[in-house]
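S.K.: Have a look at this fold, sequence not included:
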């Protein structure tokens, strides 16, 4: 008995198709029906219900589909279907944030079957009817032929339009895309598919990278990912231009490179940059597509022997307001960035530093109020005091030495360290 693990998170959900019954399921919406039919169970749901995971055990007729988002440029985590030996077909179902985009008879946005005919030729078959997708899938499974041959068969059944896409990845490649749907490539209000972004997510991913992974929020602002390779990790980004796709790759971090590289990768302008002691700070200015707003992205890197912290703050302001008082908004972005660094540096204070503080100040009083001021709740503080200190409202710092692995205890000690001026040097490092 094999298990298939499923989940939903960040508005996305796994999507299943049963090739025998012809049913489609979006796990977040249909998990009760899924487990009724295929066994297994939900193993976790968040308090809000916006995140969950589980597994099924009856997987014989069930296939997990790829998906693309209808409300943003994200396409998919991406994989070709497992039953295809040559790895030449993938099926993408549409979904919005926490939203199924189809019913049993019709889909608002198209399902997309991608056939890889050759290394430079792809067929994209779009259908707004789930049952049509299921029938095509069944036909493929039944005939079990070479899929390059099957794409030739498709030409007799559907009318395709040819698109030529240029992909630049150190050298130029020409990709031919054959699409059967007239809405493909139109704006989203026409219920079509964002053409270049979809192609980049489907075609270029399979041609040029094994997979890519997110770094953190700062890099996702600019659409930058990492791609492991045999020669080491690379930074990776897809850029779009009229009629083509450019793929940027760098071995070193492009966001902390020279200004020219930073501007190339962010699409913005470096308006301020400085290095102060252990902190590098950079501010990027970008104008929105509609030209009405300015986005300031202030970010930096703090690095010493024990810490390597990257933080960012993104500020949106109307273009007119920004032009009237640029310095005001630049200072505002820097202020928020300083506060984030200060908090993160404090949170990175390790066990050794705390232990050293305890041994230098063993008789420092720790009160019930200290716990609350540090951010702990009343109920948790009372429970900890009852369990370990006979409901005491006041103890000594040295009494906490044996509980340093407790996160809430660490929070109290950091609070006392701050009160004793242990973090004053941080203000000197990150101040103007």
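M.R.: Cool, got the structure. Just so it is clear, the model here is predicted, and its values are computed rather than measured.

S.K.: going forward, measure contacts and count neighbours with C-alpha atoms only.
M.R.: Fine.

S.K.: for the stretch 201-350 of the chain, which spans come out with low pLDDT?
M.R.: Within the stretch 201-350 of the chain, the ranges that satisfy pLDDT under 70 run 201-215, 227-233, 238-247, 305.

S.K.: Likewise for the stretch 51-200 of the chain?
M.R.: Applying pLDDT under 70 to the stretch 51-200 of the chain picks out residues 71-88, 140-154, 165-173, 181-200.

S.K.: can you map out the helices along it?
M.R.: Assigned by DSSP state H, counting those that start in this stretch, the stretch 51-200 of the chain shows helices spanning 130-143, 147-155, 195-199.

S.K.: count of neighbours near residue 286?
M.R.: Look at residue 286: counted by other C-alpha atoms under 10 Å, it has 19 neighbours.

S.K.: For it, give me its contacts.
M.R.: Neighbour list for residue 286: 267-269, 294-296 [criterion: C-alpha atoms under 8 Å, 6 or more residues apart in numbering].

S.K.: Give me the residues contacting stretch 269-277.
M.R.: Contacts of stretch 269-277 (C-alpha under 8 Å, 6+ apart): 259, 262-263, 280-286, 429-430.

S.K.: can you put the residues you listed in a markdown table and add distance to residue 345 and secondary structure?
M.R.: Output for the contacts of stretch 269-277, formatted as a markdown table (distance: C-alpha to C-alpha, whole Å; DSSP: H, G, I helix; E, B strand; the rest coil):
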| residue | distance to residue 345 | secondary structure |
| --- | --- | --- |
| 259 | 26 | helix |
| 262 | 25 | helix |
| 263 | 28 | helix |
| 280 | 14 | strand |
| 281 | 15 | strand |
| 282 | 18 | strand |
| 283 | 20 | strand |
| 284 | 23 | strand |
| 285 | 26 | strand |
| 286 | 28 | strand |
| 429 | 11 | helix |
| 430 | 10 | helix |
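
S.K.: Helix or strand for residue 366, just tell me which one.
M.R.: Assessed by DSSP states H and E, residue 366 sits inside strand 365-367.

S.K.: Please identify the buried residues of that strand?
M.R.: Residues 366-367 are the ones in strand 365-367 that count as buried (16 or more other C-alpha atoms under 10 Å).

S.K.: same thing with stretch 287-294?
M.R.: 287, 293-294.

S.K.: burial of residue 23, as a residue count?
M.R.: By other C-alpha under 10 Å, the residues close to residue 23 number 14.

S.K.: separation between it and residue 348?
M.R.: According to C-alpha to C-alpha, to the nearest Å, residue 23 stands 49 Å off from residue 348.

S.K.: that older thread, most widely separated two among the contacts of stretch 269-277?
M.R.: 286 and 429 (27.3 Å; C-alpha to C-alpha).

S.K.: quick one: the strands in the stretch 1-150 of the chain?
M.R.: 4-9, 12-13, 15-18, 23-26, 41-45, 52-56, 62-69, 89-96, 99-100, 111-118, 121-127 (DSSP state E, counting those that start in this stretch).

S.K.: Compare the ones you listed and report which one is nearest to residue 307.
M.R.: Nearest to residue 307, of these and by C-alpha to C-alpha, is strand 4-9 at 29.9 Å.

S.K.: what's the closest one packed up against?
M.R.: helix 27-38, strand 52-56 (3 or more C-alpha pairs under 8 Å, 6 or more residues apart in numbering; DSSP states H and E).

S.K.: swap the cut-off to 10 Å and go again
M.R.: Judged by 3 or more C-alpha pairs under 10 Å, 6 or more residues apart in numbering; DSSP states H and E, the packing partners of strand 4-9 are strand 15-18, helix 27-38, strand 41-45, strand 52-56, strand 62-69.

S.K.: Kindly reformat the ones you listed as CSV and extend each row with distance to residue 401 and mean neighbour count.
M.R.: Below are those laid out as CSV (distance: least, C-alpha to C-alpha, whole Å; neighbours: other C-alpha atoms under 10 Å):
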stretch, distance to residue 401, mean neighbour count
strand 15-18, 49, 19
helix 27-38, 45, 16
strand 41-45, 34, 15
strand 52-56, 37, 20
strand 62-69, 50, 21
